[in-house]
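Enquirer: I need the structure of the sequence given here:
(one chain, ligands or ions: 2)
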Amino acid sequence: MSELRDKLIECPVCLETYDSVRRLPRTLPCVHSLCLPCAARLLDGTQLRCPECRREFNIPGGVRQLPGNPTLASLVEEHERVAGPPQPAADSQQDSPGTGREAQDPVQVKHWASDTK
Ligand SMILES: [Zn+2]
Ligand SMILES: [Zn+2]
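Expert: Numbers count the residues shown, from 1 in each chain. Ligands and ions are numbered 1, 2, ... in the order given. You can find the predicted model right below:
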């Protein structure tokens, strides 16, 4: 059963597990689901084509208007309770490595003026 659950809480587009922070499961009018970032990426103007059944939907309010799936959400919550909270690793990796390290090379004062005249 847990394999089926793992499949259910997996976004069919990016094949990542949904989470309750960033990769929120969204449900299309065709009842297929995908994660919010993928929905945002697939949205073309106000048109969103379902990656599973290829039907196109008009989503004038954007992907945030898409309803969540309560069943999926509770599965995700349960998954996170077992597997731990979603890791913010993907975000922190994008931070520049220098953040927090104030020690830099000493500022070299260049006397351009002495060159020009
Ligand atoms: Zn996705
Ligand atoms: Zn669909």
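Enquirer: which parts of stretch 27-46 are buried?
Expert: 27-28, 33-39, 42-43 (16 or more other Cβ atoms under 10 Å). To be clear about C-beta, it is placed using only N, CA and C from the backbone, and glycine gets the same treatment.
Enquirer: in helices only, show me those.
Expert: 36-39, 42 (DSSP state H).
Enquirer: those residues also near ligand 1: which ones?
Expert: Cys38 (Cβ under 5 Å from the ion).
Enquirer: among the ones in helices among the buried residues of stretch 27-46, find me the one that's closest to ligand 1.
Expert: Cys38 (3.2 Å; Cβ to the ion).
Enquirer: near ligand 2, which residues of the chain show up?
Expert: Counting by Cβ under 5 Å from the ion, the chain sits next to ligand 2 at 30, 32, 50, 52-53.
Enquirer: again, 8 Å this time
Expert: Proximity of the chain to ligand 2 (Cβ under 8 Å from the ion) is limited to residues 28, 30-32, 50-55.
Enquirer: okay, those residues in CSV with pLDDT and secondary structure next?
Expert: Converted to CSV, those look like this (pLDDT from 0 to 100; DSSP: H, G, I helix; E, B strand; the rest coil):
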residue, pLDDT, secondary structure
Leu28, 95, coil
Cys30, 96, coil
Val31, 93, coil
His32, 96, coil
Cys50, 97, coil
Pro51, 95, coil
Glu52, 95, coil
Cys53, 97, coil
Arg54, 97, coil
Arg55, 97, coil
